[in-house]
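K.L.:
Kindly return the folded structure for what I paste below:
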Amino acid sequence: GAARRGSRGVHEAKGADSGASTPPRAMAEEAGTFLEEFVESIQTLPLEVRRNCGLLTDLDRDASELQRELNELERRAVARAKRNVRETKVAEGTPVAIVGDAQLVGEVESKRQRAVQKVKEKVSVAKQTLEMVEAHIRKLDSDLAAFESNLRASGEFEEAGAAVGDEVAVRPDPYAADWILGRVMSYQNDTGVYRVSDVDEEVKVYVVHESQVLLLDSQENITKGMEVLAIYPDTTAFYPALVVQGARRMNGGGATAVVQFQDDADDYGQTPQRQVDVRYVVRPPQ
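P.N.:
Numbering: from 1, shown residues only. As a prediction, this is how the structure comes out:
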């Protein structure tokens, strides 16, 4: 069979839940309310974050300067201590004031305490900034959940991902360029993870991220000159191809397109035009 090749992509399929109907105008007003309230709540957030980041920069600069001064004082203290040890002669067991300079020792201790305080202030401001941003994220999550609930109730919610049983183009290896035909077994909307079986060998099941799945939903938009991925005749592998004739309806209700596959030249260097089922022609990911 043909080699299985391709590239990455994500598309979405539309679904709807049944429920009570809400007038479009009311839904628009509901959406506007959620958006307006959230925008209003975050208007001061960029300024607050910028202020805290500026404060962190100042604290870091002060802490670095204190650390430099502290290092110099400690160097002087150690040098003095070494000199005192060399010059002081006392009986064995007699305690010796190693530094012997109360003012220098006091300066070292003072600088050390101030440096520690600056670090604590930096940690405090960083935590405050994180809590500020997380609070707004929690508010947004809450508003989105409420808005989704209203959309589901009105039947206007667009469900991401393909439905169970849908055929899709899947790339089993995210680091390879191979796309094959698969069938959706499940999709987790919160994580974007699919379980897809190989249509050739259904015992082969791939657990992949949605970035490794292409929905086969672009048949009506296949036009001449478009670069696509299409299943090579008599295989279940997608190849890069160029559309030379757009989608056309057949008498039986289906549709086909005519393409030229890459690397498909014959012994004379001519690339044949091949008719393919438009259901298995998809735009490559951007």
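
K.L.:
quick one: low-confidence ranges for the stretch 1-150 of the chain?
P.N.:
Counting by pLDDT under 70, the stretch 1-150 of the chain shows low-confidence ranges at 1-35, 38-39, 41-42, 88-100.

K.L.:
can you give me the helices in it?
P.N.:
Assigned by DSSP state H, counting those that start in this stretch, the helices in the stretch 1-150 of the chain fall at 24-42, 45-87, 102-154.

K.L.:
Format those as CSV; extra columns: mean neighbour count and distance to residue 264.
P.N.:
Quick note: C-beta positions are derived from backbone N, CA and C, even for glycine. Output for the helices of the stretch 1-150 of the chain, formatted as CSV (neighbours: other C-beta atoms under 10 Å; distance: least, C-beta to C-beta, whole Å):
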stretch, mean neighbour count, distance to residue 264
helix 24-42, 12, 49
helix 45-87, 14, 54
helix 102-154, 14, 46
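
K.L.:
got a markdown table for the ones you listed, with distance to residue 168 too?
P.N.:
A markdown table is the format used below for the helices of the stretch 1-150 of the chain (distance: least, C-beta to C-beta, whole Å):
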| stretch | distance to residue 168 |
| --- | --- |
| helix 24-42 | 31 |
| helix 45-87 | 39 |
| helix 102-154 | 24 |
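
K.L.:
And for residue 169, the neighbour number?
P.N.:
Residue 169 has 28 neighbours, counted by other C-beta atoms under 10 Å.

K.L.:
Just the element for it, please.
P.N.:
strand 167-170 (DSSP states H and E).

K.L.:
Contacts for whichever helix or strand comes after that strand next, please.
P.N.:
Note on strand 167-170: by DSSP H and E, the next helix or strand toward the C-terminus is strand 179-188. Contact partners of strand 179-188, identified using C-beta atoms under 8 Å, 6 or more residues apart in numbering, comprise 4-7, 161-172, 193-200, 202, 205-206, 210, 214, 229, 231, 236-238, 280.

K.L.:
Could you export strand 179-188 as PDB, CA atoms only?
P.N.:
This file holds the C-alpha atoms of strand 179-188, laid out as PDB (Å, rounded to 0.1, in the frame of the first residue of the first chain):
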ATOM      1  CA  TRP A 179      -2.100  10.500   8.200                       C
ATOM      2  CA  ILE A 180      -4.400   7.500   8.000                       C
ATOM      3  CA  LEU A 181      -8.100   6.900   8.000                       C
ATOM      4  CA  GLY A 182      -9.600   6.200  11.500                       C
ATOM      5  CA  ARG A 183     -12.900   6.000  13.300                       C
ATOM      6  CA  VAL A 184     -13.600   7.900  16.500                       C
ATOM      7  CA  MET A 185     -14.300   5.700  19.600                       C
ATOM      8  CA  SER A 186     -14.400   8.600  22.100                       C
ATOM      9  CA  TYR A 187     -13.500  12.200  22.600                       C
ATOM     10  CA  GLN A 188     -12.900  14.100  25.900                       C
END
